[in-house]
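Undergrad: okay, predicted coordinates and the sequence, questions at the end:
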Amino acid sequence: MDVARTLLIAVDGLDERDLDACLSGHPGTDGPLAELHRAATGLRILPGGPSEPAPALASLVTGASVAHTGVATEDPFDPEQPESRVPWYADAMALPTLFAGARRAGLSTAALQWPATAGAEIDLCLPLVEDLRGYRHRWDMVERTSSPRMVAEHLAPRRELGVQLSQVSPDDLVAEIVVEALGRGRIDLLAVRLGGLAAARRTAGIGTPADAEALRDVDAALEQILAAARPGPGDRVLLVPGRPLVPTALLVHPNAALAAEGLVRTAGTHIGEYRALVRPDGPRGVVHVRRGEGEALRSRVLEVLTGLAEHSRLRLRHVEDGIGASAGTDVIAVIEGTPGTVFGLSATHRPLVEGDDPYYAGPRAVTDPSAPALALGTGPGLPSAPHEGSWADLGVTLAGAMGIELPGATAAGLGAAPVPLA
């Protein structure tokens, strides 16, 4: 039986330059992050596949491509439909996860701020769901979506002390609870996600004071978590960044073009009925058509979007196997742009808005799907030389190192990199 502990830390938007900045901020010290950096092997996540955190991490813990996990987008496809609550709820996962495999093996598990875990059989689970429509208030939402043990040991005491969740940074709360939980006893598989850095960059932009403060906060949280875990040579640590973020240069609203053709109807500034809809997924737009619509309508949708995609920075890519992509729609195409392109849901904005427009109200930064990501791994069973692959490959390799089977995996695991990683 695998006796090593596994610490899996995901930091949205952290890139190699950020990591270097964190390390250079501790001159003359030998802190936990520096120790991990020295001991770890670079594992490159190749471009392609999901670029947003929730789909990428779902792929990681199932070993399957995003087309099979059940979590295809960062946000719900339709917030009014319970079956579309994919970013947060475990019942959206179509495949068994690493957490389920660890539980079957008798291991203790914890997942904090990890997507698609609400309702999962995880000993210490704090999903930090953002779904206020279905709950009376934030405390009600947090307690009803977290595991009973998480509520009893870590949430109830805070509520009794009068903590206001809306005034607490999610990353700070996660780091505090990780330290508490590790102080209480052994956790065999601990998965932690920190999202503050990417959130600050999307809201305020890259290179801003808010960005610099968020990076300092991530650095402090990583040091805090690693110091509490105290991983030894017999433990396994995997630090997983998301895709790097780049400044937004173009905001695209494809649904405005579909609305002009009568394929989308609006209710005020919101989308009402639709026969076709482009669902944003960060730097991509996914083209959905209601199931049952004929080929004539599908051809019309593609014609409209082809005209929009003739803009020099957009490309329309047809999808042949998108049947059943959501409860009532099929995917027929994906629109992609050059780095810095963001796709919006609105059907009432102008179709194309440059990022420096004075009325621009979209995110100030977006993930770059064309950029690789560099994970750092160390410990039993993980590669001791540079390897590369997809998010799903990384998941298969991690599960193999733990001696856990992922029954729905579609990947083979990381392959040896042909050249050393920088």
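TA: Everything's here; your move.
Undergrad: every contact and neighbour count from this point should use C-alpha atoms.
TA: Fine.
Undergrad: let me see the backbone angles for residue 136.
TA: phi -70, psi -40 (degrees, to the nearest 10).
Undergrad: from residue 147, how far off is it?
TA: Using C-alpha to C-alpha, to the nearest Å, residue 136 is found at 18 Å from residue 147.
Undergrad: the two: which is more packed in?
TA: Per other C-alpha atoms under 10 Å, whichever of residue 136 and residue 147 has more neighbours is residue 147, with 23 against 9.
Undergrad: could you list every residue that touches the closest residue to that one other than its chain neighbours?
TA: Take residue 147 and drop its neighbours on the chain: the residue closest to it by C-alpha to C-alpha, 6 or more residues apart in numbering is residue 125, 5.0 Å away. By C-alpha atoms under 8 Å, 6 or more residues apart in numbering, residue 125 lies in contact with 110-112, 117-118, 146-147, 150.
Undergrad: so which of these comes closest to residue 233?
TA: Among the contacts of residue 125, residue 110 lies closest to residue 233 (C-alpha to C-alpha), at 21.1 Å.
Undergrad: residue 364 contacts residue 202, doesn't it?
TA: Yes - shown here, residue 364 and residue 202 form a contact pair, counting by C-alpha atoms under 8 Å, at 4.9 Å.
Undergrad: circling back to that earlier point, tell me which two of the contacts of residue 125 sit farthest apart.
TA: With C-alpha to C-alpha as the measure, no two of these lie farther apart than 117 and 150, at 13.0 Å.
Undergrad: these two: which has the busier surroundings?
TA: A count of neighbours by other C-alpha under 10 Å puts residue 117 above the other of residue 117 and residue 150, at 30 against 20.
Undergrad: want to throw the contacts of residue 125 into TSV with distance to residue 395?
TA: Formatted as TSV, these follow (distance: C-alpha to C-alpha, whole Å):
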residue	distance to residue 395
110	17
111	16
112	18
117	16
118	20
146	24
147	24
150	25
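Undergrad: as CSV, these with secondary structure would be great.
TA: Below are the contacts of residue 125 laid out as CSV (DSSP: H, G, I helix; E, B strand; the rest coil):
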residue, secondary structure
110, strand
111, strand
112, strand
117, coil
118, strand
146, coil
147, coil
150, helix
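Undergrad: ok, these vs residue 23, which is closest?
TA: For those, the nearest to residue 23 is residue 112 (24.5 Å; C-alpha to C-alpha).
Undergrad: that closest one bridge partners, please.
TA: As for beta bridges, residue 112 partners with residue 126, residue 192 under DSSP bridges.
Undergrad: ok, it touching residue 195?
TA: No - counting by C-alpha under 8 Å, residue 112 sits too far from residue 195 to count as a contact (11.2 Å).
Undergrad: more neighbours: which of the two?
TA: residue 112 (26 against 21).
Undergrad: measure the more buried one to residue 74 for me?
TA: From residue 112 across to residue 74, the span is 17 Å (C-alpha to C-alpha).
Undergrad: so for this structure, the centremost residue is which one?
TA: residue 53 (1.3 Å; C-alpha atoms, centre = their mean).
Undergrad: now do the same contact list for that residue.
TA: With the criterion set at C-alpha under 8 Å, 6+ apart, residue 53 makes contact with 12, 74, 242.
Undergrad: what is the mean pLDDT for stretch 149-156?
TA: On average, the pLDDT along stretch 149-156 is 98.
Undergrad: ends of that stretch, how far apart?
TA: Per C-alpha to C-alpha, stretch 149-156 runs 10 Å from first to last residue.
Undergrad: so what touches that stretch?
TA: With contacts defined as C-alpha under 8 Å, 6+ apart, stretch 149-156 is touched by 123-126, 143, 177, 180.
Undergrad: hang on, residue 366 packs against residue 242?
TA: No - judged on C-alpha under 8 Å, residue 366 makes no contact with residue 242 at a distance of 11.3 Å.
Undergrad: the more surrounded of the two?
TA: Using other C-alpha under 10 Å, the more surrounded residue of residue 366 and residue 242 is residue 366, with 29 against 26.
Undergrad: pLDDT wise, what is that one at?
TA: pLDDT, residue 366: 92.
Undergrad: report the separation between it and residue 248.
TA: Distance from residue 366 to residue 248, by C-alpha to C-alpha: 6 Å.
Undergrad: what stretches of this protein score poorly on pLDDT?
TA: Along the chain, segments meeting pLDDT under 70 span 1-2, 26-29, 77-86, 312, 324-325, 355-361, 416-422.
Undergrad: do a quick rundown of the helices in it.
TA: 16-24, 32-39, 53-62, 66-69, 98-104, 138-145, 148-150, 156-160, 170-184, 196-204, 209-229, 254-260, 295-309, 391-402 (DSSP state H).
Undergrad: can you pull the buried residues of the first one?
TA: Of the residues in helix 16-24, those buried by neighbour count under the rule 16 or more other C-alpha atoms under 10 Å are 18-19, 22-23.
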